[in-house]
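> This is the structure alone, sequence omitted:
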Ligand SMILES: O=P([O-])(O)O[C@H]1O[C@H](COP(=O)(O)O)[C@@H](O)[C@H](O)[C@H]1O
Ligand SMILES: [Mg+2]
């Protein structure tokens, strides 16, 4: 025990010695001094690993936290990887790396240091001209022909977190084997003092790149299509408001009403517990703004971007809802946008992930379009060949893959607005269209059981428990097949997760159901994704079918929670 403790302290001291940030140095010195072994072992038990969207973790000292030392190591490892690629690619000059950042604590510092490290390694580095949405960075990589990009952001995570999204040329995020190859080079980085970081290597792009991005966003809309739709928008204290406003203005939409308290970037996210539109309560202020704005005429939609504006959440008026508004699920918006694109005669592959609603596959099939399914995360979706539309249940949509090879909350919002305006002109709504889809393809009802934990080991325990004691029946539906995704299945790369396919129950009007369980790769959460499909005879039967679906989903949640012990 004593050995373990002294080894831990030695590791912490060595880290402290080379930590370039006085703030984290002071923090770590105090922990060492106080002999806070619990905290030290949490910070020194390993290193941050690439997850669903790069590195992500709490700000603080040590290799398991986000801090300057970790960022310099990550940048140096990435630079080494890029230089190795270049060597295999003789003749080309030094590659360009574009670095973006959001408005979180330390984001700008991390971005500047990243640019310095890249320059020090012999690459060319440029910073975006301010805290901007992630899709602007993804766009810039493609537009400028960069060999890589980095976005310093923790997206929708709590204020104490930060993160590091890594993109390669082509503008999509890294996947295996590149992530492991980069990780190996990060591990091989020597003493920090030996990593050259010339302060001169921090060129900043001018605003033209944003202008080019904005000019491109209009391409998702049809010229002359209706624009009459009144929207309340929130950026949830992130960086989306200005870019979204300008995109809407250029497209000819009425100016969205911004939620005033949340429109300016604020790293403390003071009005929300979690700046994630999926979290209960995150939209409360937006709904309040919508009620107030209604005095000046009806509000058609409430739209939220997550803080780095790559996600887009949509709420619709609902008389029965507590605050008069109902959030659409990412799955609903995914199906609506798919339908809209089909009506616009989009050609190419539609794609979605194994944890998202399968409705989009039916929409694609009915339109004679190829459809593909990938693992969770846009890093996978973005790689689908001939991609025309990619969507995931986590409020992510790629509607212009040639412009932005990642999810984009701004272009998604434009397209939702266009669709809503078209429907409005015909005296219809997004909910009417969802009803039509349910009648045509069957009701695809989805829900998520998401369990946030303090102690990460609880997630591993839950997964183990499900693996050793697989459920045979869930919500009264028998489990037809259990797939361990860690073994790789249906041509998908191996990943930690379990998938259950459940039999239908004709008497209960259920065609089939599906459950996927996986640990989040961005937050300490276990996520269970539920889908139940029910045939719908006609519009009149819809209300009954919906309530039946809700009952099955509730039972699924309860049974699954019990099976996983969460
Ligand atoms: O954080 P964002 O908005 O970039 O979103 C990131 O996290 C989401 C949730 O991932 P997980 O379920 O592993 O937590 C992913 O679906 C998404 O593709 C990824 O970019
Ligand atoms: Mg995001």
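Ah, there it is. What you see is a predicted model; the values in this text were computed from it and never measured. Ligands and ions are numbered 1, 2, ... in the order given.

> So residue 288, which state does it fall into?
helix (DSSP: H, G, I helix; E, B strand; the rest coil).

> Neighbours of it, how many?
15 (other Cβ atoms under 10 Å). Any C-beta I mention is one placed from the backbone N, CA and C, and that applies to glycine too.

> Excluding sequence neighbours, find me the nearest residue to it.
Nearest non-adjacent residue to residue 288, counting by Cβ to Cβ, 6 or more residues apart in numbering: residue 323, 7.7 Å away.

> Where does the one you found sit: helix, strand or coil?
Going by three-state DSSP: residue 323 is coil.

> cool, residue 39 as well?
Taking three-state DSSP as the rule, one finds residue 39 in the helix state.

> Once you drop chain neighbours, what's closest to it?
Using Cβ to Cβ, 6+ apart and skipping the chain neighbours, the partner closest in space to residue 39 is residue 31 (5.4 Å).

> That neighbour sits in which helix or strand?
For residue 31, the element it lies in under DSSP states H and E is helix 22-33.

> So which residues make contact with that helix?
The contact list for helix 22-33 (Cβ atoms under 8 Å, 6 or more residues apart in numbering) reads 9, 12-13, 15-16, 19, 39-40, 43, 60-62, 65, 67-69.

> do the same with stretch 424-431
For stretch 424-431, contacts defined as Cβ under 8 Å, 6+ apart pick out 226, 228-229, 300-301, 314, 316, 318, 328, 336, 416, 419-420, 423.

> Go again with 6 Å.
Stretch 424-431 is contacted from outside by 226, 316, 336, 420, 423, using Cβ atoms under 6 Å, 6 or more residues apart in numbering.

> Run a quick neighbour tally on the last one.
So the one you mean is residue 423. Residue 423 has 20 neighbouring residues, counting by other Cβ under 10 Å.

> still on that earlier bit, tell me which of the contacts of stretch 424-431 is nearest to ligand 2?
residue 336 (20.1 Å; Cβ to the ion).

> so, in contact with ligand 1 or not, the host helix or strand of the closest one?
Using DSSP H and E, residue 336 maps to helix 330-343. No. Helix 330-343 lies out of reach of ligand 1 by Cβ under 6 Å from any ligand atom, never closer than 9.2 Å.

> secondary structure class for residue 454?
For residue 454, the assignment made with three-state DSSP gives coil.

> Name the nearest residue to it, sequence neighbours excluded.
Nearest to residue 454 is residue 524, by Cβ to Cβ, 6+ apart, at 7.3 Å.

> Please read off the pLDDT at that neighbour from the model.
For residue 524, the pLDDT comes out at 91.

> Can you show me the helices along the stretch 1-150 of the chain?
For the stretch 1-150 of the chain, applying DSSP state H, counting those that start in this stretch gives helices covering 2-18, 22-33, 37-44, 68-87, 107-120, 134-143.

> could you give me the average pLDDT of the helix of greatest length in the chain?
Secondary structure of the chain per DSSP state H: the longest helix is helix 542-564. Taken as a whole, helix 542-564 carries a mean pLDDT of 97.

> Also stretch 37-53?
Taken as a whole, stretch 37-53 has a mean pLDDT of 93.

> Any residue of it touching ligand 1?
Yes. Interface with ligand 1: stretch 37-53 contributes 52, 53 (Cβ under 6 Å from any ligand atom).

> what's the neighbour count on the residue of the stretch 151-300 of the chain found nearest ligand 2?
Proximity of the stretch 151-300 of the chain to ligand 2 (Cβ to the ion) peaks at residue 155, 3.2 Å away. Around residue 155 there are 26 other residues, counting by other Cβ under 10 Å.

> Could you find the closest non-adjacent residue to it?
With sequence-adjacent residues excluded and distances taken as Cβ to Cβ, 6+ apart, residue 155 is closest to residue 308, at 4.9 Å.

> One more: residue 62?
residue 43 (3.0 Å).

> Over to residue 475?
Nearest residue to residue 475 in three dimensions, chain neighbours excluded: residue 555, at 3.7 Å (Cβ to Cβ, 6+ apart).

> now that neighbour: how far from residue 502?
The gap separating residue 555 from residue 502 is 11 Å, by Cβ to Cβ, to the nearest Å.

> Show me which of the two is the more surrounded one.
Shown here are residue 555 and residue 502; by other Cβ under 10 Å, residue 502 has more neighbours (25 against 15).

> list the contacts for the more buried one?
Counting by Cβ under 6 Å, 6+ apart, residue 502 makes contact with 477, 479, 513.

> what bridges to the first one?
The one in question is residue 477. Residue 477 forms beta bridges with residue 474, as assigned by DSSP bridges.

> Okay, and the residue of the stretch 451-566 of the chain found nearest ligand 2 sits in which element?
In the stretch 451-566 of the chain, the residue that lies nearest ligand 2 is residue 522 (9.0 Å; Cβ to the ion). In the assignment (DSSP H and E), residue 522 maps to no helix and no strand.

> from memory it sits against residue 55, does it?
No. Judged on Cβ atoms under 6 Å, residue 522 makes no contact with residue 55 at a distance of 10.0 Å.

> before we move on, the earlier item: of the helices of the stretch 1-150 of the chain, which stretch is the most buried?
helix 134-143 (a mean of 28; mean count of other Cβ atoms under 10 Å).

> Quick check: closest non-adjacent residue to residue 479.
Nearest residue to residue 479 in three dimensions, chain neighbours excluded: residue 500, at 5.1 Å (Cβ to Cβ, 6+ apart).

> could you measure the residue nearest to residue 39 against residue 393, distance?
In terms of Cβ to Cβ, residue 31 sits 39 Å off from residue 393.

> One more: residue 145?
The gap separating residue 145 from residue 393 is 33 Å, by Cβ to Cβ.

> Residue 399 too?
16 Å.

> got it, and residue 177?
In terms of Cβ to Cβ, residue 177 sits 27 Å off from residue 393.

> quick one, which of the two is more surrounded?
Ranked by neighbour count (other Cβ under 10 Å), residue 177 and residue 393 place residue 393 first, with 23 against 10.

> Wait, the more buried one touches residue 332, no?
No. Contact criterion Cβ under 6 Å: residue 393 and residue 332 do not qualify, at 9.6 Å.

> Residue 518 in helix, strand or coil?
Under the three-state scheme (three-state DSSP), residue 518 adopts strand.

> Doesn't the residue nearest to residue 479 belong to a helix?
No. Residue 500: not assigned to a helix; according to three-state DSSP it is strand.

> I'd like to know how many residues surround it.
For residue 500, using other Cβ under 10 Å, the count is 25.

> re earlier: most neighbours among the contacts of residue 502, which one?
Counting neighbours by other Cβ under 10 Å, residue 513 leads these with 26 neighbours.

> Surely that one touches residue 530?
No. Using Cβ under 6 Å, residue 513 is not in contact with residue 530; the gap is 7.3 Å.

> Name the residues that touch the helix holding residue 336?
Applying Cβ under 6 Å, 6+ apart, the external contacts of helix 330-343 come out as 314, 357, 359-360, 363, 367, 389, 391, 393-395, 397, 415, 419, 430, 434, 437, 446.

> in its sheet, what does the following helix or strand past it sit against?
Later in the chain than helix 330-343, the nearest helix or strand by DSSP H and E is strand 349-353. With DSSP bridges as the test, strand 349-353 is paired with strand 371-374 (parallel), strand 387-392 (parallel).

> Helix, strand or coil: sort out residue 445 for me.
With three-state DSSP as the basis, residue 445 sits in strand.
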